[in-house]
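Engineer: pasting the sequence and the predicted coordinates here, then a few questions.
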Amino acid sequence: MNDMAAARPNGAPGAAAAPAIELNDLTMRFGVGTASTVLAVDRVSFSLAPGEFVSLIGPSGCGKTTILNLLTGLLAEEPEGDVRVLGKPPSAGNPDIAYMLARDSLLPWRSALGNAAFGMEVRGVPKKERERHALELLKEVGLGDFADKYPKALSHGMRQRCALARTFALDSPVLLMDEPFGALDAQTKLTLEDVLMRLWSAHRKTVVFVTHDLAEAIALSDRVVVMSARPGRMIADVPIDLPRPRSVRKLQSDHRFHEYYAHLWGLLEQGVGDE
Amino acid sequence: MNKTFRLGLGHAVFIVAFVAVWELASRAGMLDPTFFGRPSGIVAYLWNGFVVERNLWNDLFYTILAATIAFWAGSIAAVLVGLVFAMLPRVHKACEPYLTLLNAMPRIALAPLFLLWFGLGVGSKIAVAISLVFFIVLSSTVAGIKGVNSDHLVLSRALGAKPRDIFFKVTLPSAVPVIFSGLRLGLVYSLLGVVAAELLAAEHGLGQVLAYLQSTFDMNGVMALLFLLAFLGLSITVAMNWIERRLLVWQ
């Protein structure tokens, strides 16, 4: 596997650029000062160059969602260690960050267009401008003809496409995605992963992608960070050296894809074994 | 289309049969008209009251007037109080035991008190109806606001929405369907409250007419008014459903 890590023709711009996201010895404890203090994340360090796509994988409860929530600035607890997003400590409502959840969270009383524009709306983008941009993004995700439809009329896959449009419409340099395709069936998931790859190639955001789906992590990412069961420690930081642009569907028959899968699976097993 | 037509036809056949059996049983002496009235007598009473003497229009007007005023006043107050509770949870907590106590009171039993305070006119009817409408709409407003999807809140906060935006763009719209079902119920109950108060004592109103007819054993009149009130309640429900469908297309 080592030779795979050696060259990264596709990855992020040179190491000279300041990292977009930086975690230095991050430790998170919940319930400090009470009898039931929980160590959720234990000395995790990694960083993302601007435009890099990094997945966090690990068993449930390993703290990957905690790390994501920390970056959004929504956590009440203070972390130990140093965390920076574009050089600044995390803060709630940071316009540099767009966030996406497993459930589409579309507002049922808004049309697809209204939903795609929602993020821009709360960030104060003028009505005309945000509607034009939202429609652009809806077209990019293949929902151009469904702009005036309400979420109840859309399938699961279409709803998640709409959520993707809402996320990318924000034009935030950093995207945090918490298992965005976790609730979809296998076929729809592959399609949506390809949509995400297209969007990401076109817009080049820095993405932290939390998932427990190994194949998804390999197919999408420049690097995969593997974490152990609670307390979440970093087991490995594996560069994925597969050519881009990638088609998630075509990768399924690529032998290197399966080698990465076996390698990461071994690492994950090791992490669960601690328990 | 065919299906709805057949369904409508079924209802029509049933109603005609029901009325016919009633009328025939009454004429054959199997149903005592002194206790049950008879359809021909009921129609005659309504014809007389609305077309010949036209005295029922006035009473109908007063009942609808009182119910409408009570519905609007009670609902608006309830929605406003509900919003205040949503914004100030501490106030809600402080008020809750008193509201629960008031709501546990059988409101109809308050009618004599309201008659004493507000007189025989529409004021006392409105007061009784408001005491019903207010609590129904308040509890649905509070439930609707509490029932907001937490994913929507997390996402909005993460995207940088301010508390004001979250309230007006997420919490409030998500509460509208629940508030609306409270309003529908509130409208039916405002009619109920008004009629119940009129039964006790009133200058005008269908309830007062009903009480008079009962005391004089005019069963055709009693039945006629009961059907009239049921029809009124039904029209309200149908109208509210129609408004809801237009207002909440997204549901």
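Structural biologist: All right, it came through fine.
Engineer: can you pull out the helices in the chain?
Structural biologist: Here I'm looking at chain A. With DSSP state H as the definition, chain A shows helices at residue ranges A:2-6, A:64-72, A:112-116, A:118-122, A:127-140, A:156-169, A:186-203, A:214-220, A:248-251, A:255-273.
Engineer: oops, I was thinking of chain B
Structural biologist: Using DSSP H, the helices assigned to chain B run over residues B:2-27, B:33-36, B:39-47, B:56-87, B:89-104, B:111-118, B:122-146, B:150-158, B:163-165, B:172-200, B:206-215, B:219-247.
Engineer: export those to a markdown table and append columns for distance to chain A, mean neighbour count and mean pLDDT.
Structural biologist: (Each C-beta comes from the backbone N, C-alpha and C, glycine too.) Rendered in a markdown table, the data for those read as follows (distance: least, Cβ to the nearest Cβ, whole Å; neighbours: other Cβ atoms under 10 Å in any protein chain shown; pLDDT from 0 to 100):
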| stretch | distance to chain A | mean neighbour count | mean pLDDT |
| --- | --- | --- | --- |
| helix B:2-27 | 24 | 11 | 92 |
| helix B:33-36 | 48 | 12 | 88 |
| helix B:39-47 | 43 | 17 | 94 |
| helix B:56-87 | 18 | 19 | 94 |
| helix B:89-104 | 18 | 11 | 92 |
| helix B:111-118 | 39 | 16 | 92 |
| helix B:122-146 | 13 | 24 | 94 |
| helix B:150-158 | 4 | 19 | 89 |
| helix B:163-165 | 5 | 12 | 89 |
| helix B:172-200 | 5 | 22 | 93 |
| helix B:206-215 | 39 | 19 | 94 |
| helix B:219-247 | 10 | 16 | 91 |
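Engineer: distance of the residue lying closest to A:P89 once chain neighbours are set aside relative to chain B?
Structural biologist: The shortest distance from A:P89 to any residue that is not its chain neighbour, by Cβ to Cβ, 6 or more residues apart in numbering or on different chains, is 6.5 Å, and that residue is A:V83. In this view, A:V83 and chain B are 16 Å apart by Cβ to the nearest Cβ, to the nearest Å.
Engineer: what does A:L184 give?
Structural biologist: When Cβ to the nearest Cβ is the yardstick, A:L184 and chain B sit 16 Å from each other.
Engineer: ok, of the helices of chain A, where does mean pLDDT dip lowest?
Structural biologist: Note on these: helix A:2-6 shows the lowest mean pLDDT, a mean of 42.
Engineer: burial measure for the residue in chain A that chain B sits nearest to, as a count.
Structural biologist: When distances are taken as Cβ to the nearest Cβ, chain A approaches chain B most closely through A:G93, which lies 3.3 Å from it. Counted with other Cβ atoms under 10 Å in any protein chain shown, the burial measure for A:G93 works out to 17 neighbours.
Engineer: could I get the phi/psi values of it?
Structural biologist: Here is the backbone geometry of A:G93 (degrees, to the nearest 10): phi 70, psi 20.
Engineer: surely it touches A:G73?
Structural biologist: Yes: here A:G93 reaches A:G73: they are 7.2 Å apart, a contact under Cβ atoms under 8 Å.
Engineer: now the phi/psi pair for A:D254, please.
Structural biologist: With angles defined as degrees, to the nearest 10, A:D254 sits at phi -90, psi 130.
Engineer: ok, and the closest non-adjacent residue to it?
Structural biologist: In space, A:D254 comes closest to A:L242 once its chain neighbours are excluded; the distance is 7.2 Å by Cβ to Cβ, 6+ apart.
Engineer: from A:E193, how far out is the one you found?
Structural biologist: With distances defined as Cβ to Cβ, to the nearest Å, the gap from A:L242 to A:E193 amounts to 14 Å.
Engineer: okay, those two: which has more neighbours?
Structural biologist: In this view A:L242 and A:E193 are compared by other Cβ under 10 Å, and A:E193 has more residues nearby, 23 against 17.
Engineer: relative to its centre, which residue of chain A is most distant?
Structural biologist: Checked against the mean C-alpha position of chain A, the extreme residue using Cα atoms, centre = their mean is A:A35, at a distance of 33.7 Å.
Engineer: who's in contact with that one?
Structural biologist: Counting by Cβ atoms under 8 Å, 6 or more residues apart in numbering or on different chains, A:A35 touches no other residue.
Engineer: same deal with B:R27?
Structural biologist: Shown in contact with B:R27 (Cβ under 8 Å, 6+ apart): B:R38.
Engineer: what does A:G114 give?
Structural biologist: For A:G114, the set of contacting residues under the criterion of Cβ under 8 Å, 6+ apart consists of A:L107.
Engineer: near chain B, which residues of the stretch 151-275 of chain A are found?
Structural biologist: In this structure, the stretch 151-275 of chain A approaches chain B at residues A:P151, A:K152, A:L170, A:L176, judged by Cβ under 8 Å from any Cβ of the partner chain.
Engineer: ok, the second one - how many residues close by?
Structural biologist: As a burial measure, the neighbour count of A:K152 was computed by other Cβ under 10 Å and equals 11.
Engineer: and the last one, by the same measure?
Structural biologist: A:L176 sits with 26 neighbouring residues when counted by other Cβ under 10 Å.
Engineer: wait, it sits on A:G73?
Structural biologist: No: here A:L176 does not reach A:G73: they are 10.6 Å apart, not a contact under Cβ under 8 Å.
Engineer: quick check, central residue of chain B?
Structural biologist: Closest-to-mean residue, chain B, Cα atoms, centre = their mean: B:V188 / 1.0 Å.
Engineer: and it, how far is that from B:I126?
Structural biologist: Between B:V188 and B:I126 the distance, using Cβ to Cβ, works out to 16 Å.
Engineer: again with A:W200
Structural biologist: Distance check for A:W200 against B:I126: by Cβ to Cβ, it reads 62 Å.
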